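Enquirer: here is my input; please provide its structure:
(one chain, ligands or ions: 2)
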Amino acid sequence: MTAAVLAGGVGVRMGGARPKQLLPLAGRTIIEHSVAAFCAAPEVDDVIVLMVEDHVSEVAEIVADGGHSKVSRILPGGADRTQTSYAALRALESAADDELVLLHDAVRPLVSPRVIADCVRALGEAGAVGVAVPSSDTVVEVGPGRTGGEAIRAVPARASLRRMQTPQGFRLGVVRRAYERALADPDLVATDDCGVVLRYLPEEEVRVIVGEEANIKVTHPGDIAIAEALLRERGRRP
Ligand SMILES: Nc1ccn([C@@H]2O[C@H](COP(=O)(O)OP(=O)(O)OP(=O)(O)O)[C@@H](O)[C@H]2O)c(=O)n1
Ligand SMILES: C[C@](O)(CO)[C@H](O)COP(=O)(O)O
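Expert: Numbering: from 1, shown residues only. Ligands and ions are numbered 1, 2, ... in the order given. Sure thing, here's the model as predicted:
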């Protein structure tokens, strides 16, 4: 099983001169936390990293210095997250359709061994698996308001809503077929890989396993302090 760590983004919402996955978090870069989590997972044999092209050699140094020996390749990412996922799939083109892949946001450094293991276990029964948490907020759909601004269009039933996280796991044959169709669609808009499978292979069940609130996506400047606090809290647990 291969884990692909997606790190091709530049972090516009975070701001700053360097991609946010290179920011320090509790003594390591954010990306190193993510790489280390998959290298430590017994289910994972191989880790590939898809990095912003200008920083590939910097990540190679991080990986070498950290002794993350399961990392086989560090490759350039794509223009958006979907293109980076596709670059990961292309990198695995010699692998058989029944092999498994986990696609993970490099900026979710708190992914836990339990989440990785549950995701892999569910791939024994389903060709596509996402990790998600229930929403404690009411989630609404909005559109343009009559007199400007935004107005609520719909309030979907909260009990059936989940917030998607990563990793998202797939049998390679499934995610490959979905991406072939997706990339042929001029109207393709995707924010995650399970969504690509759901939309382009509707016959395929996309299983959901329970994620963790702590598996945050470091997105905005304040998220670094939150991630640090969560790591400290994890360190204190028996
Ligand atoms: N071209 C891209 C864009 C995003 N990602 C990755 O997808 C994950 C989630 O994306 P996001 O949080 O949006 O990261 P950025 O694109 O860097 O952030 P922003 O949207 O604020 O620019 C991150 O690990 C990011 O590096 C990627 O691999 N390739
Ligand atoms: C894949 C994802 O993390 C699931 O929540 C999310 O959709 C990525 O979104 P981003 O805009 O690329 O951060």
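Enquirer: run through who's touching the longest helix along the chain.
Expert: Using DSSP state H to define each element, the chain has its longest helix at helix 223-236. Taking contacts as CB atoms under 8 Å, 6 or more residues apart in numbering, the residues outside helix 223-236 that touch it are Met14, Leu23, Leu25, Ala26, Ile30, Pro109, Leu110, Ala214, Ile216, Lys217, Val218. Yep, even glycine has a C-beta here, placed from its N, CA and C like the rest.
Enquirer: which residues of this structure lie near ligand 2?
Expert: Arg81, Asp105, Met164, Gln165, Thr166, Thr191, Asp192, Lys217 (CB under 6 Å from any ligand atom).
Enquirer: can I get those in a markdown table with pLDDT and secondary structure?
Expert: Output for the residues of the chain next to ligand 2, formatted as a markdown table (pLDDT from 0 to 100; DSSP: H, G, I helix; E, B strand; the rest coil):
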| residue | pLDDT | secondary structure |
| --- | --- | --- |
| Arg81 | 98 | helix |
| Asp105 | 98 | strand |
| Met164 | 98 | strand |
| Gln165 | 98 | strand |
| Thr166 | 98 | strand |
| Thr191 | 97 | coil |
| Asp192 | 98 | coil |
| Lys217 | 98 | coil |
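Enquirer: just the buried ones from those?
Expert: Buried members of the residues of the chain next to ligand 2, counted by 16 or more other CB atoms under 10 Å: Arg81, Asp105, Met164, Gln165, Thr166, Asp192, Lys217.
Enquirer: quick one, what contacts the spatially closest residue to Leu23 that is not a sequence neighbour?
Expert: Excluding the flanking residues, the one nearest Leu23 by CB to CB, 6 or more residues apart in numbering is Ile30, at 5.6 Å. With contact set as CB under 8 Å, 6+ apart, Ile30 has these partners: Lys20, Gln21, Leu22, Leu23, Pro24, Ala106, Val107, Pro109, Val218, Ala227.
Enquirer: I'd say the first one and Val218 touch.
Expert: Yes - Lys20 sits in contact with Val218 when judged by CB atoms under 8 Å, with a separation of 6.0 Å.
Enquirer: find residues that contact each of these two.
Expert: Met14, Ile30, Val107.
Enquirer: among those residues, which lie within helices?
Expert: Ile30.
Enquirer: out of the shared contacts of Lys20 and Val218, which one sits closest to ligand 2?
Expert: Nearest to ligand 2 among those is Val107, at 7.5 Å by CB to the nearest ligand atom.
Enquirer: using CSV, lay out the contacts of Ile30 together with pLDDT and neighbour count.
Expert: Converted to CSV, the contacts of Ile30 look like this (pLDDT from 0 to 100; neighbours: other CB atoms under 10 Å):
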residue, pLDDT, neighbour count
Lys20, 97, 26
Gln21, 98, 31
Leu22, 98, 21
Leu23, 97, 19
Pro24, 96, 11
Ala106, 98, 31
Val107, 98, 27
Pro109, 98, 26
Val218, 98, 25
Ala227, 98, 23
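Enquirer: what helix or strand does His104 sit in?
Expert: Taking DSSP states H and E as the definition, His104 sits inside strand 100-105.
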